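Colleague: heads up, no residue letters with this:
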């Protein structure tokens with residue numbers, strides 16, 4: 001069975017292998033008590049109750065998925081990359097390492113983007129990188145995790161960038177996903193009582209049968225002056241809110257979390273400015289804040305990332321943790 005879901009989150013194997021729950025920037029174990037996230041010092045295991053670090057592996061770059069007693073991670077060094085297995089029971093000690101795959105020396109974590117699929121024990125990893133002055137490079141390789149050797153492949157390579165399905169190309173789509181033969185999408189439409197001076201928009205969840213193309217459901221999620229949407233990393237929810245305008249800011253408007261299956265409301269979550277990824281886990285919400293920082297010497301704009309936890313019932317932010325942006329996504 002192949003693992004697959006949206007950007008910057010991870011699902012694990014099934015059958016002999018245990019699954020990992022999607023989490024902002026990384027993955028979470030089945031217990032819901034520990035998350036594995038990328039930081040400037042490597043891959044860290046976080047206690048989700050307190051936000052404190054349980055262990056750290058400085059050789060790994062980006063966590064991919066959890067399998068049994070290991071978390072598998074991408075390790076990126078100058079001119080090469082590998083997959084490593086880190087022990088959950090022995091504080092992140094490396095228990096597996098693939099051969100190193102050569103990549104251009106100019107590729108680093110700021111230029112590399114990757115996507116992967118997992119079919120039984122075979123990991124298929126596609127990557128691409130774009131540098132300055134038109135530099136670009138890409139590749140697709142398969143790795144049997146019972147062994148260590150990579151092999152170049154053109155079969156089953158995941159797309160690093162996704163394209164819009166034909167059925168939706170004429171729709172003002174804000175989010176979409178295929179679920180059990182149906183295409184679910186949130187589209188932006190003109191709202192009621194709109195005027196030239198005060199335009200209202202609405203976000204509507206629409207569902208089509210992918211075989212017949214017939215629409216089977218339409219549920220209005222939000223009517224707002226500037227509707228905002230954030231896909232939940234679990235693939236089961238979308239977060240929507242009023243973004244407000246210059247004259248009437250919407251900074252105090254909470255997120256309204258809705259099921260992508262039938263549109264029903266699930267929760268209301270405190271808005272934290274700059275949130276770029278989020279997910280619900282029980283009575284807590286976890287998110288990553290992304291903010292632009294100073295301009296670096298190379299002319300690139302730096303970005304800072306911070307993981308946070310919110311108690312859904314009280315709206316209180318419980319803890320914050322600096323992290324690094326993930327560079328991979330499963331497809």
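Modeller: Nice, thanks for sending it over. Note that the structure is predicted; figures quoted are calculated from it, not measured.

Colleague: Angles on the backbone of the closest residue to residue 153 other than its chain neighbours, please.
Modeller: Nearest residue to residue 153, sequence neighbours excluded (C-beta to C-beta, 6 or more residues apart in numbering): residue 142, at 4.5 Å. (Glycine included, C-beta is placed from N, CA and C.) Main-chain dihedrals, residue 142, degrees, to the nearest 10: phi -120, psi 150.

Colleague: is it true that residue 142 touches residue 122?
Modeller: Yes - Residue 142 lies in contact with residue 122 (C-beta atoms under 8 Å); the separation is 5.7 Å.

Colleague: quick one, what contacts residue 270?
Modeller: Neighbour list for residue 270: 254, 255, 285, 310, 315, 316, 317 [criterion: C-beta atoms under 8 Å, 6 or more residues apart in numbering].

Colleague: Now do the fifth one, the pLDDT please.
Modeller: The predicted local confidence for residue 315 comes out at a pLDDT of 95.

Colleague: and it, what helix or strand is that in?
Modeller: In the assignment (DSSP states H and E), residue 315 maps to no helix and no strand.

Colleague: pLDDT value on the closest residue to it other than its chain neighbours, please?
Modeller: Take residue 315 and drop its neighbours on the chain: the residue closest to it by C-beta to C-beta, 6+ apart is residue 270, 4.2 Å away. Residue 270 carries a pLDDT value of 95.

Colleague: State the distance from residue 270 to residue 238.
Modeller: 17 Å (C-beta to C-beta, to the nearest Å).

Colleague: repeat for residue 138
Modeller: In this view, residue 138 and residue 238 are 31 Å apart by C-beta to C-beta.

Colleague: Those two: which is more packed in?
Modeller: residue 238 (26 against 14; other C-beta atoms under 10 Å).

Colleague: secondary structure element for that one?
Modeller: strand 237-242.

Colleague: Output the contacting helices and strands for that strand.
Modeller: strand 215-224, strand 227-231, strand 255-259 (3 or more C-beta pairs under 8 Å, 6 or more residues apart in numbering; DSSP states H and E).

Colleague: tell me the phi and psi of the residue nearest to residue 315?
Modeller: Torsion angles, degrees, to the nearest 10, at residue 270: phi -50, psi 130.
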